[in-house]
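In: coords please:
(4 chains)
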Number of protein chains: 4
Amino acid sequence: MTEYPTALGASSLDKITLLGQDLARDVMGNVSFGELAFWLATQRRPSPGETRVFEAVLAALADHGFTPTAIVTRLTYLSAPDSVQGALAAGLLGGGSRFLGVTEDCGRFLHEVLSTVEDPEDEAGWDALALETVKARREAGKLIPGLGHHVHKQGDPRTPRLFEIAREEDLFGPHLSLFAAIGRVHPQVLGRTLPLNGAGVCGAALADLGLPLELLRGFALLARTAGLIGQLAEELRNPVANEIFLSVDLNNRSVPPEPSGG
Amino acid sequence: MTEYPTALGASSLDKITLLGQDLARDVMGNVSFGELAFWLATQRRPSPGETRVFEAVLAALADHGFTPTAIVTRLTYLSAPDSVQGALAAGLLGGGSRFLGVTEDCGRFLHEVLSTVEDPEDEAGWDALALETVKARREAGKLIPGLGHHVHKQGDPRTPRLFEIAREEDLFGPHLSLFAAIGRVHPQVLGRTLPLNGAGVCGAALADLGLPLELLRGFALLARTAGLIGQLAEELRNPVANEIFLSVDLNNRSVPPEPSGG
Amino acid sequence: MTEYPTALGASSLDKITLLGQDLARDVMGNVSFGELAFWLATQRRPSPGETRVFEAVLAALADHGFTPTAIVTRLTYLSAPDSVQGALAAGLLGGGSRFLGVTEDCGRFLHEVLSTVEDPEDEAGWDALALETVKARREAGKLIPGLGHHVHKQGDPRTPRLFEIAREEDLFGPHLSLFAAIGRVHPQVLGRTLPLNGAGVCGAALADLGLPLELLRGFALLARTAGLIGQLAEELRNPVANEIFLSVDLNNRSVPPEPSGG
Amino acid sequence: MTEYPTALGASSLDKITLLGQDLARDVMGNVSFGELAFWLATQRRPSPGETRVFEAVLAALADHGFTPTAIVTRLTYLSAPDSVQGALAAGLLGGGSRFLGVTEDCGRFLHEVLSTVEDPEDEAGWDALALETVKARREAGKLIPGLGHHVHKQGDPRTPRLFEIAREEDLFGPHLSLFAAIGRVHPQVLGRTLPLNGAGVCGAALADLGLPLELLRGFALLARTAGLIGQLAEELRNPVANEIFLSVDLNNRSVPPEPSGG
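Out: Residues are numbered from 1 along each chain as shown, chains lettered A, B, ... in the order given. Purely as a prediction, here's the structure:
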């Protein structure tokens, strides 16, 4: 008979374990939710400093107002109020390459660069590596994930703050170092100064925390789940979804079909 | 032009606010993720005690091993590894009436009872109300949400622990009081002793915290999102989804169609 | 070893069966998609007349322009263009109680009434049953599913057309008969004339076809899947999702949090 | 005021149009569901032959038994029976790169090759192009989408059947021609004979029909929606989801956490 091993939840008649701990005695009341989420993802308990950086990232990504994902959750709840799970799931499905993807793309990109070299020893070394990286990327005609922002053109306030928190906790590792260096040197190559954006710095910080790169998008989605619950709570008190729907539907203009060029 | 008011995220050229706070300066690094999730849902900052009870609930609900939702997330990731958001969303869609619904059902049920009476003043008063409630429910041929568990037949260890934490934080309110009283008196009516289950006590505690009843299921889903990321992380290290799939597919038995009785 | 019986797809080295048929030889090229969908749901092959009624229902429900589900699918695709499955799934999640639910509610409601009585023998009999039904419903303070429409106040053009098609195919059964009678008699009770809406008549027709009542919503979702693909195809040629997003986001008005009344 | 143009559904007081047609009069009862799905996606009405090829593709992809998507839909319904839309959406979310992706990958791949050359004039010409294509692909270390099958090692029965239907309808276009030629010549390059699989030939046929390449996966999902409704209908009559769940849960083996190598 096949067996399915797991270190996550398990229960017997009188006990529930989670990650090898006694859930009721050792986890409930003792482990914060951010700490637990980290622990579940890595199967090792984070230090208080790691938890603080991790939770700062989650805060940075939790809600950005009327994003497509927030609108989608509100419209889905309007349409199917019987299913809160459907409204949240629909919102999360917008967490793909374009809106939440930067976090993951940036973490993976930095990791890839770092996997090919020894970590530099000082800021000059990081700058040299960053310069080489930005040049190579430009020559390949590719953008740098995490560089640029359509609103915060003169700097995303989350970036220096996350740098600061990581430094306070002694968790300013190679991914953040390389990302910061890219921020310093890219004008030499690109000829203009772009902000290091918040989604990108979050990816760098998550990678420095040793979280699985394949799931960096997952942490953005965890943060966003809390944000989407906030959106639904606000929708319940002060509904706008129906007006959003009507603002589109009442302004539709029926046009004749134009066959696609098949 | 219609305007859409929101107290959640908003941003300008150099500032991002969330819940009226400066996100970078006041939230990141200062507000834990559990605290933030509570704040987003209620638009008021919880006390440390409220946060501790809330996070104990999230811990209690985060992961229960190979539940249908966990299996669904792993199978969806097997099938569509390009979309972490799809795998998480698919898992959350199992958070409906049967598996995660007890939390919400229990909170709503207790709230309904409480909305019709003054809160009793002492344990005897709670017991009297509970007795009346259980009798009425039994006469109506309905179950009590939160009573009974298919595994923890002699008591769900999460229940006394959450009672304890709520008492430590002085947050043992009317919903928990009524739930506890139901635990004491139901054997008089039902003729046997059933455990107060963990999902139910979580609903009672969330209702005592003043979280929106319509979204109690949402908090179970938030907790579960962290659990499902844990499931995906474990699947990446130690994959079992393909074996689960094959254990079903290889044991399929093709049978002739049997028309439904339309 | 547990076995999982199924009459749906199965395959061996050189053959694929579906519903007991040879898929390649007997189904592909011979069975239309509507016919196949019916067959899959009932495990019996529909007659050409049944297929025609079924497909008329699917046509009636496929697309209604910029509904919340259509907007959701377009916004999700904007946000996560890497995942067509996510965009379609997000749209379908709006197919709940409010927008697509009428079809199922109406079919179930009619079925419930019919399960308590013998089918009347003539129009007068149907009218009497309908009168009793509408009265009972009104006394219970409940609406009649399928009665009323916010746009087509003087009649939903789909309703007489589906009646006509069902009559042409000799498939005007008890659910449609009762629904039509409700249309004739309700003004006597309600004091005003409401239209029998298209979603409702579709539920009546699906119930007359003997399709499983628990899945009536499923057929609306099947129809809508085709519609949502149409929405995505149009979005690819003539994108509007970004404008919809901006029309909301640019008109957001940041307001201070107002604590919920926990 | 922004306007949102659409050629899909629109309605006024007494009329509903779809694709420029009168929905009730011209579409319902006259247009089959497969035909309508094609029309919605392309905004041009397909010929009967195009509809037949399209519906053959949908039949080929509708259901393959206990695939991960089918298991996911059944488990989600077990867990949340209140939400048919959630069960279907969860199943569709498995329609990603691995299981349903071949259809889209193959259509896109063939299209890419064809976009760089003139269509050959005869079978010898197609074989030459195919040979070049297979060689180039092999040199790049890449697989040919649509080539190979883990069960139908000596030939997927859907492939010759779809070739036949396309020829009967005079719709054997360049994508199918190149795909067929790849089937003939690849052994010269790869040194062994692999089957042209059904998912691949469907992608070739859809591309020849002029359907949008970005949405080829969407048509597989449409087909699968019908299949998943069939799975749910069977689950209602003959439930297996709980047994599948228990077969995993009861065979879980609790192991100690092993920290990921962060």
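
In: What does the pLDDT read for A:S260?
Out: Per-residue pLDDT puts A:S260 at 69.

In: burial count for the residue in the stretch 1-150 of chain A that chain B sits nearest to?
Out: Here the stretch 1-150 of chain A gets closest to chain B at one residue, A:L40, 3.1 Å apart by C-beta to the nearest C-beta. C-betas here are computed from N, CA, C, even on glycine. By the criterion of other C-beta atoms under 10 Å in any protein chain shown, A:L40 has 25 neighbours.

In: Secondary structure element holding it?
Out: helix A:33-42 (DSSP states H and E).

In: again, but for A:R45
Out: Going by DSSP H and E, A:R45 is not in any helix or strand.

In: Any figure for the gap between it and D:L178?
Out: 56 Å (C-beta to C-beta, to the nearest Å).

In: higher neighbour count, the two?
Out: Shown here are A:R45 and D:L178; by other C-beta under 10 Å, D:L178 has more neighbours (26 against 16).

In: Three-state assignment for that one, please.
Out: helix (DSSP: H, G, I helix; E, B strand; the rest coil).

In: you'd agree the residue of the stretch 1-150 of chain A closest to chain B is up against B:A62?
Out: Yes - using C-beta atoms under 8 Å, A:L40 is in contact with B:A62, at 6.7 Å.

In: For the residue lying closest to A:R217 once chain neighbours are set aside, list the residues it contacts.
Out: Distances taken as C-beta to C-beta, 6 or more residues apart in numbering or on different chains place A:E104 nearest to A:R217, at 4.2 Å, with adjacent residues excluded. Residues in contact with A:E104 (C-beta atoms under 8 Å, 6 or more residues apart in numbering or on different chains) are A:G203, A:L213, A:L216, A:R217, A:A220.

In: quick one: which of these has the most company?
Out: A:G203 (34 neighbours).

In: Which neighbouring elements make contact with the helix or strand hosting that one?
Out: A:G203 belongs to helix A:198-208 when assigned by DSSP H and E. Contact analysis of helix A:198-208 by 3 or more C-beta pairs under 8 Å, 6 or more residues apart in numbering or on different chains; DSSP states H and E lists helix A:48-61, helix A:101-114, helix A:158-168, helix A:174-190, helix A:216-237 as its packing neighbours.

In: list the contacts for the residue most central in space within chain A?
Out: Nearest residue to the geometric centre of chain A (C-alpha atoms, centre = their mean): A:A220, 2.9 Å. Contact analysis of A:A220 by C-beta under 8 Å, 6+ apart lists A:L61, A:G95, A:L100, A:T103, A:E104, A:A199, A:C202.

In: count of neighbours near the residue in the stretch 101-250 of chain A that chain D sits nearest to?
Out: Per C-beta to the nearest C-beta, A:G210 is where the stretch 101-250 of chain A lies closest to chain D, at 1.8 Å. Residue crowding around A:G210 was assessed by other C-beta under 10 Å; the count is 18.

In: and the gap between it and A:G107?
Out: 11 Å.

In: Where does the prediction get shaky in chain A?
Out: Counting by pLDDT under 70, chain A has low-confidence residues at A:1, A:260-262.

In: thought A:G20 was touching A:T6?
Out: No - using C-beta under 8 Å as the test, A:G20 is too far from A:T6 to be in contact (10.9 Å).

In: the more surrounded of those two?
Out: Neighbour comparison, A:G20 and A:T6: the larger count goes to A:T6, with 22 against 14 (by other C-beta under 10 Å).

In: For the more buried one, give the beta-bridge partners.
Out: Judged by DSSP bridges, the bridge partners of A:T6 are D:S254.

In: next one: the one 10 residues further on
Out: According to DSSP bridges, the residues that bridge with A:I16 are A:S11.

In: and it, how many neighbours does it have?
Out: For A:I16, using other C-beta under 10 Å, the count is 25.

In: can you tell me which residues contact the closest residue to A:R161 other than its chain neighbours?
Out: The shortest distance from A:R161 to any non-neighbouring residue, by C-beta to C-beta, 6+ apart, is to B:A24 (4.0 Å). Contact analysis of B:A24 by C-beta under 8 Å, 6+ apart lists A:A60, A:P157, A:R158, A:P160, A:R161, B:I16.

In: Put together JSON lines for those residues, with distance to A:V189 on each row.
Out: Below are the contacts of B:A24 laid out as JSON lines (distance: C-beta to C-beta, whole Å):
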{"residue": "A:A60", "distance to A:V189": "27"}
{"residue": "A:P157", "distance to A:V189": "25"}
{"residue": "A:R158", "distance to A:V189": "24"}
{"residue": "A:P160", "distance to A:V189": "22"}
{"residue": "A:R161", "distance to A:V189": "26"}
{"residue": "B:I16", "distance to A:V189": "28"}
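
In: Can you tell me which of these is closest to chain C?
Out: B:I16 (10.8 Å).

In: Quick check: the closest one touching A:P157?
Out: Yes - using C-beta under 8 Å, B:I16 is in contact with A:P157, at 5.9 Å.

In: overlap in contacts of those two?
Out: Common contacts of B:I16 and A:P157 (C-beta under 8 Å, 6+ apart): A:G198, B:D22, B:L23, B:A24.

In: Tell me which entries of the residues you listed lie within strands.
Out: B:D22 (DSSP state E).

In: ok, and the most crowded of the shared contacts of B:I16 and A:P157?
Out: In terms of neighbours by other C-beta under 10 Å, those top out with A:G198 at 28 neighbours.

In: Quick check: that residue touching A:V57?
Out: No - the criterion here is C-beta under 8 Å, and A:G198 misses it with A:V57 at 9.4 Å.

In: Find residues that contact each of those two.
Out: Joint contacts of A:G198 and A:V57 (C-beta under 8 Å, 6+ apart) are A:L162.

In: coming back round to it: quick one: the helix holding A:G203 to helix A:101-114, angle?
Out: Relative orientation of helix A:198-208 and helix A:101-114, computed by axes from the mean of the first three to the mean of the last three C-alpha atoms, to 10 degrees: 50 degrees.

In: how about the residue of the stretch 101-250 of chain A closest to chain D, secondary structure?
Out: coil.

In: Go through the contacts of A:E104 and say which is closest to chain C.
Out: A:R217 (10.2 Å).

In: who are the neighbours in contact with the closest one?
Out: A:G95, A:L100, A:G101, A:T103, A:E104, B:V84, B:Q85.

In: Fine, thanks again, bye for now.
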